[in-house]
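Engineer: Sequence plus predicted model, see below.
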Amino acid sequence: MVKSYTAKYQKMVSGYMGQLVEWPEVISEGKTIEECREMLKDALHEMLMAYKEQGLDVPAGGGLLEQVLVEV
């Protein structure tokens, strides 16, 4: 089975921080966006394995992000 999760990235002084929207406990950092993306995938894999070992339900995933524009 394939699931999708929504990743959000934030630029930081040291590089990038990535976090899954539907599973906020899955978080990682990297010097580049590409490195952060790979580290986030690794963190997700590790969290999936830990949840399976503990018999916990994995968050559903499948979220959607949308930017909302507003004039200020």
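Structural biologist: Perfect, I can see it now.
Engineer: Contact partners for the most centrally placed residue in the chain?
Structural biologist: Nearest to the geometric centre of the chain sits Leu20, at 2.6 Å (C-alpha atoms, centre = their mean). By C-beta atoms under 8 Å, 6 or more residues apart in numbering, the contact list for Leu20 reads 5-8, 26-27, 40, 44. Bear in mind the C-beta positions are built from the backbone N, C-alpha and C, glycine included.
Engineer: so which of those residues comes closest to Gly15?
Structural biologist: Among those, Leu40 lies closest to Gly15 (C-beta to C-beta), at 12.3 Å.
Engineer: Would you confirm that the closest one belongs to a strand?
Structural biologist: No - using DSSP: H, G, I helix; E, B strand; the rest coil, the secondary structure at Leu40 is helix, not a strand.
Engineer: all strands for this structure, in order.
Structural biologist: 7-12, 15-20, 27-30 (DSSP state E).
Engineer: Contacts only, for Trp23.
Structural biologist: 5, 44, 47, 59, 61.
Engineer: what's the answer for Arg37, then?
Structural biologist: Applying C-beta under 8 Å, 6+ apart, we find Arg37 in contact with 7, 9, 18, 30.
Engineer: Now flag whichever of those is closest to Gly55.
Structural biologist: Nearest to Gly55 among the contacts of Arg37, with distances taken as C-beta to C-beta, is Ala7, at 25.9 Å.
Engineer: you'd agree the closest one is up against Leu40?
Structural biologist: Yes - if you go by C-beta atoms under 8 Å, Ala7 and Leu40 touch, sitting 5.8 Å apart.
Engineer: more neighbours, these two?
Structural biologist: Looking at Ala7 and Leu40 with other C-beta atoms under 10 Å, you find the greater number of neighbours at Leu40, namely 24 against 19.
Engineer: Spatially, and excluding backbone neighbours, which residue is closest to the more buried one.
Structural biologist: Residue nearest to Leu40 in three dimensions, not counting chain neighbours: Gly18, with 4.1 Å by C-beta to C-beta, 6 or more residues apart in numbering.
Engineer: Look up which residues are beta-bridged to that neighbour.
Structural biologist: For Gly18, the beta-bridge partners are Tyr9, Ser28 (DSSP bridges).
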